[in-house]
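In: need coordinates for the below:
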Amino acid sequence: ATPCPGECSGHGQCVRGRCFCEGGRIGEDCSLKEPSRYTALAFGERKAGYVKENGWRYFFMNTKRGSSSLVVELELPRASEYGSLTPPVWFYLNRSEPPSETSSHKAIEVKPSSSESTRATLTVEAPGPHSWWIGVQGSKIGGASFTVRALNIYPCPNKCSHQGL
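Out: Okay, here's the model as predicted:
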């Protein structure tokens with residue numbers, strides 16, 4: 001039997017080296033409590049949010065073994081939709097724990113356009129069976145509205161029989 005990280009901290013069940021956490025617990029080893037400022041994100045689901053000046057919003061999801069890539073999208077509305085300049089935001093992706101300015105797997109600054117909505121994408125190839133965290137941080141000059149979505153891409157068997165991507 002493959003051991004689980006930290007024996008699931010006594011808050012989950014170990015199945016083939018992966019912890020399945022009981023309600024209210026998250027993380028690869030179920031050691032983290034699920035605070036209200038963290039929002040679960042189902043694959044394919046779009047979640048709208050707002051982040052305050054210098055504030056953070058977090059989302060999390062679990063990838064499974066066999067996925068070829070994890071794709072996370074952030075969309076900012078057109079700056080003119082709100083009648084004033086929408087400040088940029090920082091978009092982070094991190095494995096196992098919420099991201100921060102100094103600890104993240106990937107990070108990019110997203111600057112809104114005045115003529116159309118702005119999309120940014122972070123991709124992780126072969127994400128493995130892990131917990132992944134998305135962080136959106138407001139800039140020092142103001143907050144911003146956004147929409148976030150995650151896709152878990154699986155390899156297509158038999159090249160999708162030439163019927164798909």
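
In: against Thr39, how distant is the residue nearest to Glu116 when sequence neighbours are not counted?
Out: Of all residues not flanking Glu116 in the chain, Arg78 sits nearest, at 5.7 Å (CB to CB, 6 or more residues apart in numbering). Every C-beta, even on glycine, is put in place using the N, C-alpha and C of the backbone. Going from Arg78 to Thr39 by CB to CB, to the nearest Å gives 24 Å.

In: same deal with Val71?
Out: For Val71, the distance to Thr39 - CB to CB - is 18 Å.

In: just Ser131 next, same as before
Out: From Ser131 across to Thr39, the span is 14 Å (CB to CB).

In: element containing the residue nearest the centre of the chain?
Out: When CA atoms, centre = their mean is applied to the chain, the residue found nearest the centroid is Ile134 (3.1 Å). Using DSSP states H and E, Ile134 sits in strand 131-138.

In: which elements pack onto that strand?
Out: Counting contacts by 3 or more CB pairs under 8 Å, 6 or more residues apart in numbering; DSSP states H and E, strand 131-138 packs against strand 46-51, strand 56-62, strand 69-76, strand 89-95, strand 144-153.

In: the second one vs strand 69-76, what angle?
Out: Calculated by axes from the mean of the first three to the mean of the last three CA atoms, to 10 degrees, strand 56-62 forms an angle of 150 degrees with strand 69-76.

In: direction included, what does strand 56-62 pair against?
Out: Strand 56-62 sits in its sheet next to strand 38-40 (parallel), strand 131-138 (antiparallel), going by DSSP bridges.
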